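**Student:** requesting a structural model of the entry that follows:
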Amino acid sequence: MVEVFTGRTLLNKDGDIVDPEEALRNKVVGIYFSAGWCPPCRDFTPILCDFYTDLVEESEPPAQFEIVFVSSDKSMDDMRYKITAVPKLVIVKENGDMITDKGRKQIRDRGLTCFRSWLDAAEIFQNFNG
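**Tutor:** A predicted model of the protein is given here:
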């Protein structure tokens, strides 16, 4: 996963710089391509925030899931994922291999249950009970 973010700065939700290797280790990662000017993005972002809160912040133990927000307000053409429209939620393994590029649809259709299939596909050590 780290090579995807080489040379990039990751910030947590509080605006603090975080080490990608440490923050994303042994996790399923959702790379969320979005833009402030995009109405469908403004519609989906709160849904994604609730999904994350339920999985990570309100679960015990927290789910092995992290979201990386990539603003399309800036250039994203050098990422390895072919993004043709926003919003787009690409779910990837720890090594950066894609599990699905339909994360947004899966969350809308299946809610929290889609995480279990992502976790199984990611082949990582699991401590998630949900």
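**Student:** name the residues of the one helix or strand in the chain whose mean pLDDT sits lowest that are buried.
**Tutor:** The weakest-scoring helix or strand in the chain, judged by mean pLDDT, DSSP states H and E, is helix 20-24 (a mean of 87). Within helix 20-24, the residues that count as buried by 16 or more other CB atoms under 10 Å are 20, 23-24. Heads up, the C-betas are built off the backbone N, CA and C, glycines and all.
**Student:** helix/strand/coil for the residue nearest the centre of the chain?
**Tutor:** Computing the C-alpha centroid of the chain and ranking residues by CA atoms, centre = their mean puts residue 30 first, at 1.5 Å. With DSSP: H, G, I helix; E, B strand; the rest coil as the basis, residue 30 sits in strand.
**Student:** relative to its centroid, which residue of this structure is most remote?
**Tutor:** residue 37 (20.1 Å).
**Student:** what packs against the longest helix belonging to the chain?
**Tutor:** Identified as the longest helix of the chain according to DSSP state H is helix 39-52. For helix 39-52, the packing partners by 3 or more CB pairs under 8 Å, 6 or more residues apart in numbering; DSSP states H and E come out as strand 28-34, strand 65-71, helix 103-110.
**Student:** pick the most deeply packed of the ones you listed.
**Tutor:** strand 28-34 (a mean of 24; mean count of other CB atoms under 10 Å).
**Student:** re the thing from before, quick check: the residue nearest to the centre of the chain vs residue 99, distance?
**Tutor:** Applying CB to CB, to the nearest Å, the value for residue 30 to residue 99 is 10 Å.
**Student:** for this structure, which spans come out with low pLDDT?
**Tutor:** Applying pLDDT under 70 to the chain flags the ranges 1-2, 73-79, 125-130.
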